[in-house]
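Asker: here you go, sequence then predicted model.
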Amino acid sequence: MKRIAMIGMPNTGKSTLFNRLTGSHAKVGNWPGLTVELLSARLPIGDQLVQLVDLPGIYDLDGYSDDERVVTRFLDEVKLDALLFVMNASQTLRQQQLLAQLLQRADTLGLPVVLAFNMLDEASALGIRIDSEAIAAGLGLPTCLLSAKYGQGTERLLPALRAALQTGAQNLTPSDPAGFDTARFERIMQSSIDVPALASHQLTERLDRVLLHPLFGLPIFFGVMFGLFQLVFTLGKPLQDALAWGFGELRSAALEPLLSTLLSTLPAALQSSLLQGFLLDGLYNGLSTVASFVPLIVLFFLFMGMVEDAGYLSRAAFLMDGLMARFGLDGRSFVMLLMGFGCNVPALMGTRVIRSRGLRLLTMLVIPFSLCSARMQVFVFFIAILFSPSSGPLVLFSLYLFGILSAVLTSLLFKRQLVNNEAFVLEMPPYRFPTLRQMLLRGWSEVGHFLKRATRFIIAGVTAVWLLTHFPADAAPGSLDTWAGQLGSLLDPLMRPLGIDPMLTIALMFGFIAKEIVIGSLAVIYNQEGSALSATIAQQIDAIQAYSFMLFTLIYTPCLSTVATLQAESKSLRFTVMAVLWPLLLAWLASFVFYQLARLLTS
Amino acid sequence: MSVSASSNGTGNDTGNDTVGADIVAKLAQLPSGEHATILALHAEAALERRLLALGLRPGQAICLLRRGLMNGPLHIRVGTTELMLRRQEAQHIDIRPNRRPNPIRGTGA
C-alpha cells in the first residue's frame, strides 16, 4: 500500500483536514522504532487504497523538540510515496520557511509534494488572496486552496494527490541543480500571495478586549466554566440515572434467567452460585457502573472540545500564567488542572502539548489533585449522611480548596526536581465557531479512547474486589474474615490514628481501583443498601471521621485508570511510582493532622 | 547566536519622552498598545528558531496588545499572528518603538 504523510505547523488545521479526508476511521498506531503514536487511516485515491499518516505539527524540520525529532526520523526511516504539506492560508509568510525546508528534503528523498492552503475561510475574511495556479506553475507542484472545516475545496485534493503519486518526484529545484533557489522560491510566494495592510481579526480583537480584561477577564472565565460544569451535570445526570436503571432492568429481566438456564446445562460439578455471583455482582455490576458514566463523559468532552476549538482555553492560559509561573507551572498546566475537574485521565493526556519534560511531569503530578466528578459522588454521599444541609455545600467547597492546596504544595515541593526549561511562547489563535461535525467527531473519538482504557482496568479491578470480599470461601462476604477484611485489620495500626476503621479502609483499598466503586463496596461491606446503609454508617462514624475519610479519598490516587495513564504518558515507572506514593503519603499526613487536631479541639 | 535587521537610519526619528522612539529597547519594556519594529533576536538557538517560525523576524512590525496579570505574559501581534510570550522571552528581542501607529506593510504572518 502506498503511503502519504501530512506535514505542517501547529494550528494549521491538519487534524481537521485529516478527519475531513478519512472520516472517523482513523487508527492510533505505534510505529516500529519510533515509539510514538501517530494517527493514520486508509484513504481511497483513484482505484487504490493509500495510507494517510498525520504527523505532529512542527515549526522546524531541523528543530530540537520531541515532535520535530519524530517527524525528521519518520521522514528518514519510513518508506513514503508522497508528502502533503498543509499551510494556514492566513499565515503564509511565516510558514513558508518550513515549506522551503520540506521541498529541499523532498527533493533529496525523491518524493512528490502536494501543497494545501487550509483555513481559506479565515484568509478570505482577512482579505488575503492566493493565486494557487501561479504557485503551482512557479514551484512545479500541485496546489489546492481549501477549508477543511467547512469542506470547501477538499474535493480537489484527491486528484492532486493521485497525480503526485503517478508522476513521482517533481524535481523541485530546476533552476539550480546544486541546491534550492531560496530567492526564486520567495519571489514566487510573494508575487502570488496578496496580504492587505492592517489585516487583523476584528471580532477577535473586540472579544479579547472583554475576555482578557485585566479586572473582568478571570471572573468571566470562571463564570463560563462553572456554567459549563453545571450544564454537563444537569444534562448528564438524568441520562446517567436512566442508563443505570436500564442496566439494572436488563440484569433482572434477561441476564439472571439466561444465566441460570445456561448454568443448569453445565455438569453438576461446575454449578455453583459463586460463578453466577461473580459474573453478575462482580463483572456485570462493575462494568455497567462505569458504562453509565459514558453520557457524562461524552458531554464533558463535547463542551471542553467546544471551548478549546473556540480558542478560549489559550486565553485561560494567558490569564493564569503569571500566577502559575510562581508554582513552577505555566498557563497550559492550569488549563489541564481545570480539565481534571471533569476527569483526570483526559487532562493527563492533554499534557502532551507541553514539550519540556520537567514541566510536563510536574503538571502530571498535580493533575490528580483536581477533585474529579467520581470523587465528588463519594463526597456528596458522605456529606448527606453526616453533615447538616446548611453546612454541606461549605464542606464540599472546602474539599475543592484542599485539592487545590495539595496541588500548590506539591508543585512548590517538586519544582526544583522537575524543572521547566521550556520557553513560554504560544500562539493565540483567533476565536472560531466550532462546527457540529467537528464537535461530534471529537467527542466520539475521545469516548472510544476512554472506554478502551477503562474497561481493561475495570474488569481486572472488579474481579479483584469480588475475589477479596468473597474468599476464603467460609467467610461471610464483606466481613473482616475475608482477605479484604484481614488486610483492613492488618493496616489498622496505620489507619486508626486517622479515625478510619477497617471497614472504611477496605473501601479505600477498592477506591484505588475507581472511586465509583467506593460506595458500592460499602454496600457490600456493610451488606446493606440505600437508607439502611446511610443509617449504619451514621451509627458507625462521626462527622470528624467522615471528613478525615473524605480528605484521604480526595488526596490519594484517584483511580487505576489514572495510574495507567500516568505510566502510559510518562513512560517512566519511577515517576509513576512516585506519583502514586507521594499523594498516598500526603493523604495520610493531611488526614492525620486534621483528625488529631479536630479531636484535640473538640475534646 | 543573534539575527539583526539592517538598521540603517535608526537614529533620526522625532524625539519621544517615554521609551525613546529612536532608542533600541527590549520588547519586554514596550508599553501596552504600542507598536514597534523588531531589530534583532538574542536567544539561544532552539528558542530563536521557534521565535522565527512564529514570525518574530527582524524588520517585522510588532504590536504589544496587553500584559497578563501578576507579571503574566505579553500578548503581541506580529503580522497576522497573535502570540503570548513571557517577559523573560521578550528580553531576548530588541525593538525600535514607533511613535506613530505603525504603517504595517502587507507582509502577512
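Answerer: Alright, I've got the coordinates.

Asker: and A:M509, what is it in contact with?
Answerer: Contacts here follow Cβ atoms under 8 Å, 6 or more residues apart in numbering or on different chains; on that basis A:M509 touches A:484, A:487-488. C-beta: built from backbone N, CA, C; applies to glycine.

Asker: where do the strands sit along chain A?
Answerer: Using DSSP state E, the strands found in chain A span residues A:2-8, A:27-30, A:37-45, A:48-54, A:82-88, A:113-118, A:129-130, A:143-145, A:193-194, A:425-427.

Asker: gap between the first one and the chain center?
Answerer: Centre-to-centre, strand A:2-8 and its host chain are 25 Å apart (Cα atoms, centre = their mean, to the nearest Å).

Asker: that strand pairs with which strands, parallel or anti?
Answerer: Listed by DSSP bridges, the sheet partners of strand A:2-8 and their directions read strand A:48-54 (parallel), strand A:82-88 (parallel).

Asker: may I have the last one exported as PDB, CA atoms only?
Answerer: The C-alpha atoms that make up strand A:82-88 are tabulated as PDB, following Å, rounded to 0.1, in the frame of the first residue of the first chain:
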ATOM      1  CA  ALA A  82       4.300  11.400  -1.300                       C
ATOM      2  CA  LEU A  83       4.100  14.400   1.200                       C
ATOM      3  CA  LEU A  84       1.100  16.600   1.800                       C
ATOM      4  CA  PHE A  85       2.200  19.900   3.200                       C
ATOM      5  CA  VAL A  86      -0.600  21.800   5.000                       C
ATOM      6  CA  MET A  87      -0.300  25.600   5.500                       C
ATOM      7  CA  ASN A  88      -2.500  28.100   7.300                       C
END
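
Asker: avg pLDDT for that strand?
Answerer: Summarised as a single mean, pLDDT over strand A:82-88 is 95.

Asker: for the residue nearest to A:L139 when sequence neighbours are not counted, what are its contacts?
Answerer: The shortest distance from A:L139 to any residue other than its chain neighbours is 6.0 Å, reached at A:I188 (Cβ to Cβ, 6 or more residues apart in numbering or on different chains). For A:I188, the residues meeting the contact criterion (Cβ under 8 Å, 6+ apart) are A:134-135, A:138-139.

Asker: quick one: which of the residues you listed is nearest to chain B?
Answerer: Chain B lies nearest to A:I135 out of the contacts of A:I188, by Cβ to the nearest Cβ, at 14.0 Å.

Asker: look up how far A:G342 lies from A:S445.
Answerer: Using Cβ to Cβ, to the nearest Å, one gets 17 Å for the distance from A:S445 to A:G342.

Asker: neighbour count winner among these two?
Answerer: Neighbours per residue, other Cβ atoms under 10 Å in any protein chain shown: of A:S445 and A:G342, the larger number sits with A:G342, 24 against 17.

Asker: how about that one: what's its closest non-neighbour residue?
Answerer: When the adjacent residues along the chain are set aside, A:G342 lies closest to A:F300, with 4.2 Å between them (Cβ to Cβ, 6+ apart).

Asker: shouldn't the one you found be in contact with A:C343?
Answerer: Yes - counting by Cβ atoms under 8 Å, A:F300 does reach A:C343; the two are 6.7 Å apart.

Asker: mind listing the shared neighbours of those two?
Answerer: With the criterion set as Cβ under 8 Å, 6+ apart, the overlap between the contacts of A:F300 and A:C343 is A:S373.

Asker: what about the residue nearest to A:T562 when sequence neighbours are not counted, neighbour count?
Answerer: Nearest-residue entry for A:T562: A:N344, 4.9 Å, with adjacent residues in sequence omitted and distances by Cβ to Cβ, 6+ apart. The number of residues packed around A:N344, counting by other Cβ under 10 Å, is 29.

Asker: contacting residues for A:N344?
Answerer: For A:N344, the contact set (Cβ under 8 Å, 6+ apart) comprises A:367-368, A:370, A:372, A:558-559, A:562, A:565.

Asker: return the residues in contact with A:L508.
Answerer: Applying Cβ under 8 Å, 6+ apart, the residues contacting A:L508 are A:500, A:518, A:549, A:552-553, A:556.

Asker: could you report the neighbour count for the closest residue to A:V465 other than its chain neighbours?
Answerer: For A:V465, ignoring the flanking residues on the chain, the nearest one in space by Cβ to Cβ, 6+ apart is A:F510 at 5.1 Å. Burial of A:F510, expressed as a neighbour count using other Cβ under 10 Å, amounts to 25.
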